[in-house]
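Undergrad: Coordinates only, no sequence provided:
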């Protein structure tokens, strides 16, 4: 339905216990004749009207975060994304950083996502540093919440990376690294 809907602007799926298979190959919508692809990733790639998506508190897996980041590269509409309180790890953080920086796309930095809440995941310093580096080139994101992600577990390296990013990035208005 989301693939064909041309009027939905906002979708709040938060706190629905969607689970770790959501948005992964294990969650394909298929029958004997037709493979519609992975439910959320396929829908996001093809829906050009949805601008606000809340997937918080659903126990999503790192694989979902990675697949979702790839799908966002094809979607020009989503500007606000909340994936707080899930199971996203450093690999998901790295994939999100690639989305924001445009690395590997040949399109340049992202010009779509303005608000992103990744609080209370497990992105760690391995995902935190690439996110900070993405902020060096991204000039669209205005709000990034990284509360409680363990991004400081490598000592000052991640902090220095974010300090450098906010020195250069004049568009970002809110960066929340609380409890890291």
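TA: Structure's in. What do you need? Not measured: the values here are computed from a predicted model.
Undergrad: Tell me which residue is most central in the protein.
TA: When C-alpha atoms, centre = their mean is applied to the chain, the residue found nearest the centroid is residue 96 (4.9 Å).
Undergrad: Quick check: next helix or strand after the helix or strand harbouring that residue?
TA: Using DSSP states H and E, residue 96 maps to helix 90-101. The first helix or strand that comes after helix 90-101 along the chain, using DSSP H and E, is strand 115-117.
Undergrad: can you give me how far that next one is from the chain middle?
TA: Put simply, strand 115-117 sits 8 Å off its chain's centre (C-alpha atoms, centre = their mean, to the nearest Å).
Undergrad: Please pull up the helix or strand immediately following the lowest-mean-pLDDT helix or strand in the chain.
TA: The helix or strand of the chain with the poorest confidence is strand 35-38; it has a mean of 48 (mean pLDDT, DSSP states H and E). As assigned by DSSP H and E, the chain's next helix or strand after strand 35-38 is helix 39-46.
Undergrad: Please state the offset of that following helix from the chain centre?
TA: On C-alpha atoms, centre = their mean, the centre of helix 39-46 falls 14 Å from that of its chain.
Undergrad: ok, now stretch 147-157?
TA: Chain-centre distance of stretch 147-157: 18 Å, with C-alpha atoms, centre = their mean.
Undergrad: buried set for it?
TA: Buried residues in stretch 147-157, counted by 16 or more other C-beta atoms under 10 Å: 147-152. In short, each C-beta sits where N, CA and C put it, glycine included.
Undergrad: Save those residues as CSV, and put in pLDDT and secondary structure too.
TA: Below are these laid out as CSV (pLDDT from 0 to 100; DSSP: H, G, I helix; E, B strand; the rest coil):
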residue, pLDDT, secondary structure
147, 98, coil
148, 97, coil
149, 97, coil
150, 95, coil
151, 95, coil
152, 89, coil
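Undergrad: residues contacting residue 166?
TA: 135, 172, 175 (C-beta atoms under 8 Å, 6 or more residues apart in numbering).
Undergrad: got the contact list for the last one?
TA: Read it as residue 175. Residue 175 is in contact with 144, 146, 162, 166, counting by C-beta under 8 Å, 6+ apart.
Undergrad: Fine, thanks again, bye for now.
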